[in-house]
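In: Quick one, fold the following:
(one chain, ligands or ions: 1)
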Amino acid sequence: MSSRVAHYLQEHLLGEVIDSSDARRYFSCDGSVFQIAPSLIVYPRNENDIRKTARFTWQLAERGRLIPITPRGAGTDETGAAIGSGIILAFTAHMNRILELNTKAKTVNVEPGINYGKLQQVLHTHGQYIPAYPPGIDYSTIGGAIANNSSGENSFKFGSIRNFVKSLRFVLANGEVISVGNLSKRELSKKLGLATFEGEIYRSIDILIEENSELIDRMKLHTTLNNSGYALSEVKHKDGSFNLIPLIAGSQGTLGIITEAQLATEDYDPVSCMVMAEFDSAEKMQQAVVDFNASKEMADSIELIDQSSLEEVFKLNPNHLKDLVSVPLPRFLVFLRYANQKKPPKSARKILETYAKSFDVSDDPEEQIKFIKVKEAINLVIAHNEGLLRPLPLFDGSVPVDRLREYLEGLDNINKSNHLHAAIWGHLGLGHLTMKPRLNLGHVGDRQKIFRILEEYNQLVIGLGGTVSSTSGDGRLKAPYTQYVYGPELYALMVKVKQIFDPYGTLNQGVKFNSSVEDFKTILRSDFSLNHIYDHLPRA
Ligand SMILES: Cc1cc2nc3c(=O)[nH]c(=O)nc-3n(C[C@H](O)[C@H](O)[C@H](O)COP(=O)(O)OP(=O)(O)OC[C@H]3O[C@@H](n4cnc5c(N)ncnc54)[C@H](O)[C@@H]3O)c2cc1C
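Out: Modelled structure (predicted):
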């Protein structure tokens, strides 16, 4: 891209526009195995800067010149959705404020670049919190979390962050700014009558849903979480109400740019009771999870680490789990947490007594630190490099909980047939399991292995009726597989949604759609690190 574009934008925007090779290199990576250098970086000061940038790229696209825009929070995305070849809109520098906190109404209005961990701390001081947050809350921004429809341990009870988004301000591909939220039937008719791009979007999406309602009904998978494609089935309800938020939360910057969000908060009570349970068979653990899912008295979270994870922790630091875990090491360790309770409900006890080999319960914060230390020991494994071998983020699937045993078996088989020894953990209650095989991205054999294991893994998950994208989105990594999750007809509908919002393809090109496994070959990094998550801000 010519520096004339940078000059033009700098003249018209309040925020900085930078195209130095250092900045371009820094923003060429996110948390994924991919690398694409952008042409320039814009640090928007306000919504107007974003509106103008989108309008500019739209006008160029009308004349046949494509410069894609990639919005970016902290860049922790593991799917390659926070990198792109055109303009990066970097939100953390300036658009990072809390705009309004209403503890009575239990809502908070924020700009997208605010650090999610800091926001949560502020909410805690007011006895509030947002229960759906990713494990990397301290690194993530709220904008990135919404765009990824993030979820984490509490999502077992509370679902993903989409459930907490009440309204959004949103810049469309042509630079028009809209407010999005739940609309009554009457409010929808008003939108349908607008002679603007917004009106066109509402009309087209409404017709698409009406004409394909039976097909869309079929898109509901039997998994608790699903971030594959666009959540078309959640937009229009039986009473005629209509809400674009489920499409946007999870769209990874491919439908427009979030400039402000209003989120609902919940009362925060630090008192909780925790259970650490040992299971000696996958069948019993699966049955326990099925029963926990069916129970009315839901845990907030149900998390897993497996024996190979514990073995690795012992190898890396023999003292880390000393006296905290029994030896010989349990096959599966499962952690349950019940917020605002001193002990687990009777139904949970019964399930544990039936299926667990043993379990410990604690409502004592001091003792719970020990449970948490065991649960979070997986971070040692995730962060550990062995020479040039790096733990790579390739998998994020979940399956219906009554297929968990087969999922575990399948992961074991992938490990064995590819001579890997990867630890397995995940948000068990959600049917989510993951592993990060250690491979050397600078080694041809390992690079080829990535293609093989991606194929094997995605076939496994889809074959079990699951989704390849559960806690975060499709990005570039899973884009080639979405068509197999849904089949060709539903996939075609999702491509139409993208075309309705983004007719010229200026929004985060290659993310979610238009990306093939063949493309990976040119964008695969030659080394992997997460160095970029440290802040990169413009000099004053
Ligand atoms: C070790 C590790 C574990 C992880 N585990 C989880 C997990 O369990 N659950 C989970 O949900 N995630 C997980 N993630 C992924 C990621 O950390 C989260 O999804 C996080 O919330 C993303 O926030 P971010 O600010 O880093 O977003 P970014 O990575 O910067 O962006 C994420 C996506 O949001 C888009 N985006 C950012 N800002 C905007 C905006 N203003 N408007 C429109 N689009 C925007 C980007 O274009 C991109 O597509 C994990 C990541 C790592 C490194």
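
In: switch to C-alpha atoms for all contacts and neighbour counts from now on
Out: Will do.

In: In the biggest helix by length in the chain, which residues are buried?
Out: Ranked by residue count, the top helix of the chain under DSSP state H comes out as helix 444-463. Along helix 444-463, these residues count as buried under the neighbour rule (16 or more other Cα atoms under 10 Å): 447, 450, 453-454, 457-462.

In: and this structure, which residues reach the ligand?
Out: 31, 70-78, 81-82, 112, 134-136, 140-141, 143-145, 147-148, 150-152, 252-253, 257-259, 471-472 (Cα under 6 Å from any ligand atom).

In: which ones among these are found in helices?
Out: Counting by DSSP H, the residues of the chain next to the ligand contribute 143-145, 147 to helices.

In: Now the residue in the stretch 301-450 of the chain that the ligand sits nearest to. Nearest residue, chain neighbours left out?
Out: Residue of the stretch 301-450 of the chain nearest the ligand, by Cα to the nearest ligand atom: residue 382 (7.1 Å). Closest residue to residue 382 apart from its sequence neighbours, by Cα to Cα, 6 or more residues apart in numbering: residue 391 at 6.2 Å.

In: are any of the residues of the chain next to the ligand buried, and which?
Out: 31, 70-78, 81-82, 112, 134, 140-141, 143-145, 147-148, 150-152, 252-253, 257-259, 471-472.

In: hmm, back to that, contact partners of the longest helix of the chain?
Out: 394-395, 397-399, 407, 410-411, 414, 418, 439-441, 467-468, 481, 484-485, 517 (Cα atoms under 8 Å, 6 or more residues apart in numbering).

In: Just the CA atoms of that helix, as PDB, please.
Out: Taking C-alpha atoms only, helix 444-463 is exported to PDB below (Å, rounded to 0.1, in the frame of the first residue of the first chain):
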ATOM      1  CA  VAL A 444       9.500 -29.100   7.300                       C
ATOM      2  CA  GLY A 445       8.400 -32.500   8.800                       C
ATOM      3  CA  ASP A 446       6.600 -30.800  11.700                       C
ATOM      4  CA  ARG A 447       4.900 -28.300   9.400                       C
ATOM      5  CA  GLN A 448       3.600 -31.200   7.300                       C
ATOM      6  CA  LYS A 449       2.400 -32.800  10.500                       C
ATOM      7  CA  ILE A 450       0.300 -29.800  11.300                       C
ATOM      8  CA  PHE A 451      -1.800 -30.300   8.200                       C
ATOM      9  CA  ARG A 452      -2.300 -34.000   9.000                       C
ATOM     10  CA  ILE A 453      -3.300 -33.500  12.600                       C
ATOM     11  CA  LEU A 454      -5.600 -30.600  11.800                       C
ATOM     12  CA  GLU A 455      -7.400 -32.800   9.300                       C
ATOM     13  CA  GLU A 456      -7.600 -35.800  11.700                       C
ATOM     14  CA  TYR A 457      -8.700 -33.600  14.600                       C
ATOM     15  CA  ASN A 458     -11.400 -31.700  12.700                       C
ATOM     16  CA  GLN A 459     -12.700 -34.900  11.200                       C
ATOM     17  CA  LEU A 460     -12.900 -36.400  14.700                       C
ATOM     18  CA  VAL A 461     -14.800 -33.500  16.200                       C
ATOM     19  CA  ILE A 462     -17.200 -33.100  13.300                       C
ATOM     20  CA  GLY A 463     -17.800 -36.900  13.200                       C
END
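
In: So residue 96, which state does it fall into?
Out: Here residue 96 is recorded as coil under DSSP: H, G, I helix; E, B strand; the rest coil.

In: any idea how far it lies from the ligand?
Out: Using Cα to the nearest ligand atom, to the nearest Å, residue 96 is found at 10 Å from the ligand.

In: Next: residue 122.
Out: Residue 122 is 18 Å from the ligand, by Cα to the nearest ligand atom.

In: what number of residues lie near that residue?
Out: 15 (other Cα atoms under 10 Å).

In: try residue 188
Out: 19.

In: Please apply the same query to the one 4 residues further on.
Out: Counted by other Cα under 10 Å, the residues lying close to residue 192 total 18.

In: just residue 174 next, same as before
Out: By other Cα under 10 Å, the residues close to residue 174 number 23.

In: Verify the contact between it and residue 54 for me.
Out: Yes: at 5.8 Å, residue 174 and residue 54 qualify as touching, with contact defined as Cα atoms under 8 Å.

In: coming back round to it: which ones are touching the residue nearest to residue 382?
Out: 382-385, 436-439 are the contacts of residue 391 under Cα under 8 Å, 6+ apart.

In: What is the three-state secondary structure of residue 292?
Out: Residue 292 ends up helix, using three-state DSSP.

In: I'd like to know how many residues surround it.
Out: Count around residue 292 with other Cα under 10 Å applied: 19.

In: swap in residue 291?
Out: 17.

In: for it, what are its contacts?
Out: Residue 291 touches residue 351, counting by Cα under 8 Å, 6+ apart.

In: Name the helix or strand for residue 333, please.
Out: strand 332-339 (DSSP states H and E).

In: Extract the C-alpha trace of that strand and format it as PDB.
Out: The C-alpha coordinates for strand 332-339 follow below in PDB (Å, rounded to 0.1, in the frame of the first residue of the first chain):
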ATOM      1  CA  PHE A 332      -8.500 -37.500  35.300                       C
ATOM      2  CA  LEU A 333      -8.800 -34.600  37.800                       C
ATOM      3  CA  VAL A 334     -12.100 -32.700  37.600                       C
ATOM      4  CA  PHE A 335     -12.700 -29.400  39.300                       C
ATOM      5  CA  LEU A 336     -16.200 -28.100  40.100                       C
ATOM      6  CA  ARG A 337     -17.000 -24.700  41.500                       C
ATOM      7  CA  TYR A 338     -20.300 -23.500  43.100                       C
ATOM      8  CA  ALA A 339     -20.400 -19.700  43.600                       C
END
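
In: Residue 157 against residue 297, yeah?
Out: No: contact criterion Cα under 8 Å: residue 157 and residue 297 do not qualify, at 9.8 Å.

In: So between these two, which is more surrounded?
Out: A direct count of neighbours by other Cα under 10 Å for residue 157 and residue 297 places residue 157 higher, at 19 against 15.

In: and residue 88, that's in a strand?
Out: Yes: under three-state DSSP, residue 88 falls within a strand.

In: That one: how many residues sit nearby?
Out: Using other Cα under 10 Å, residue 88 is surrounded by 28 other residues.

In: likewise residue 14?
Out: 15.

In: same thing with the one 3 residues further on?
Out: Using other Cα under 10 Å, residue 17 has 23 other residues around it.

In: element containing it?
Out: Using DSSP H and E, residue 17 falls within strand 16-18.

In: what lines up beside that strand in the sheet?
Out: With DSSP bridges as the test, strand 16-18 is paired with strand 40-43 (antiparallel).

In: For the partner strand, give me every contacting residue.
Out: With Cα under 8 Å, 6+ apart, strand 40-43 has contacts from 6, 15-20, 23-24, 86-91, 93-94, 538.

In: ok, now stretch 197-208?
Out: Residues contacting stretch 197-208 (Cα under 8 Å, 6+ apart): 172, 174, 176, 178, 191-194, 236, 493, 497, 500-501.

In: gap between that stretch and the chain center?
Out: Taking Cα atoms, centre = their mean, to the nearest Å, one finds the center of stretch 197-208 at 27 Å from the center of the full chain.

In: Also stretch 406-421?
Out: Worked out by Cα atoms, centre = their mean, stretch 406-421 lies 24 Å from the chain centre.

In: That concludes my questions; thank you for your assistance.
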